[in-house]
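Participant: Pasting the sequence and the predicted coordinates here, then a few questions.
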Amino acid sequence: MNFGIGDLSVIPLREQPSEKSEMVSQLLFGEVFEILENREKWTKVHTYSDNYIGWINEKQYQPISSTVYKELTSMPVICSLLPLALARSENKNIYISMGSSLPFFNNNKFMINEEIFQLEEMTLQTEMNNESICALALCFLNAPYLWGGRSIFGVDCSGLINVVYKMAGIRLKRDAWQQSEEGILLSFIEETRPGDIAFFHNEDGKVIHAGIILEDQRIIHASGCVRIDQIDHFGIYNQTQKKYTHQLRLLRRVSIA
């Protein structure tokens with residue numbers, strides 16, 4: 001088995017090996033993966049952070065050894081918590097989005113293969129709790145909606161949840177329907193607390209949307225952009241449109257500790 005690591009700010013993960021194929025997700029800087037297949041200029045990968053499979057351009061990553069992969073996947077992931085940070089090495093400067101992984105982080109430096117990077121500025125991870133989840137989610141406020149996105153430059157509903165929980169040290173799966181099967185099922189909206197996850201369904205009962213519960217019966221979610229709306233036992237109520245936009249399906253709590 002071969003392995004790789006993303007060394008660009010954001011790498012499109014596509015459904016098929018083609019530039020015209022749908023972007024189903026993204027790899028953030030420093031995220032590692034297994035290599036499943038190589039086809040012409042494309043590489044099929046299985047991501048570690050969210051257990052997702054897709055195709056990336058072969059020029060958009062660096063290979064790593066199985067030893068390095070095992071080391072990185074056996075230690076806690078250190079993430080950048082700044083909305084945008086500048087990482088410098090001797091050979092290049094690169095801006096990275098919050099949620100990016102910082103391999104072998106130590107004293108404000110980290111390393112990809114033999115290349116050592118230093119962050120110009122760093123917000124260190126502290127003990128995470130439900131309030132931390134909400135604070136991290138609020139950093140994405142007004143980020144544009146982007147199908148398959150996982151960065152501050154563009155994010156979809158499940159990508160927002162995936163990256164926010166990653167920064168809190170929790171690996172969640174990538175898509176909303178997959179996330180809806182994780183954690184503890186809650187029976188009523190009154191049971192929720194900030195940081196819980198709400199899921200919404202279409203007319204066929206399929207989970208198609210998700211968001212993070214905030215205080216005061218509010219929810220932060222990606223719909224057009226990352227925004228805050230009201231939520232009750234019916235679903236999400238958009239004050240501007242004066243209507244419910246998403247029908248509540250279920251509620252989940254994922255343990256932070």
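Facilitator: Yep, it's here.
Participant: Double-check residue 29 against residue 99; I have them as touching.
Facilitator: No: with contact defined as Cβ atoms under 8 Å, residue 29 does not count as touching residue 99 (9.1 Å). Where you see a C-beta, it was placed from the backbone N, CA and C, and this is true even at glycine.
Participant: roughly how far out does the helix or strand encompassing residue 161 sit from the chain middle?
Facilitator: Assigned by DSSP states H and E, residue 161 belongs to helix 157-167. Centroid separation between helix 157-167 and its chain, computed with Cα atoms, centre = their mean, to the nearest Å, is 4 Å.
Participant: Mind pulling up the pLDDT for the residue lying closest to residue 59 once chain neighbours are set aside?
Facilitator: Leaving aside its sequence neighbours, residue 59 sits nearest to residue 41 (Cβ to Cβ, 6 or more residues apart in numbering; 7.3 Å). Residue 41 carries a pLDDT score of 96 in this model.
Participant: the more surrounded of residue 29 and residue 99?
Facilitator: The neighbour count for residue 29 versus residue 99, taken as other Cβ atoms under 10 Å, is higher for residue 99 (30 against 26).
Participant: which residues sit in contact with that one?
Facilitator: For residue 99, the contacting residues are 28, 79, 80, 150, 151, 163, 164, 166, 167, by Cβ atoms under 8 Å, 6 or more residues apart in numbering.
Participant: switch to 7 Å and redo it
Facilitator: 28, 79, 150, 163, 166, 167 (Cβ atoms under 7 Å, 6 or more residues apart in numbering).
Participant: What's the separation between the closest residue to the last one other than its chain neighbours and residue 45?
Facilitator: Using Cβ to Cβ, 6+ apart and skipping the chain neighbours, the partner closest in space to residue 167 is residue 79 (4.7 Å). Relative to residue 45, residue 79 is positioned 20 Å away (criterion: Cβ to Cβ, to the nearest Å).
Participant: coming back round to it: following element in sequence after the helix holding residue 161, please.
Facilitator: Later in the chain than helix 157-167, the nearest helix or strand by DSSP H and E is helix 176-179.
Participant: what's the average pLDDT for whichever helix or strand comes after that following helix?
Facilitator: Downstream of helix 176-179, the first helix or strand assigned by DSSP H and E is strand 184-186. When pLDDT is averaged along strand 184-186, the result is 98.
Participant: Okay, now the sheet partners of strand 184-186, with direction.
Facilitator: Sheet pairing here is set by DSSP bridges, and for strand 184-186 it gives strand 243-253 (antiparallel).
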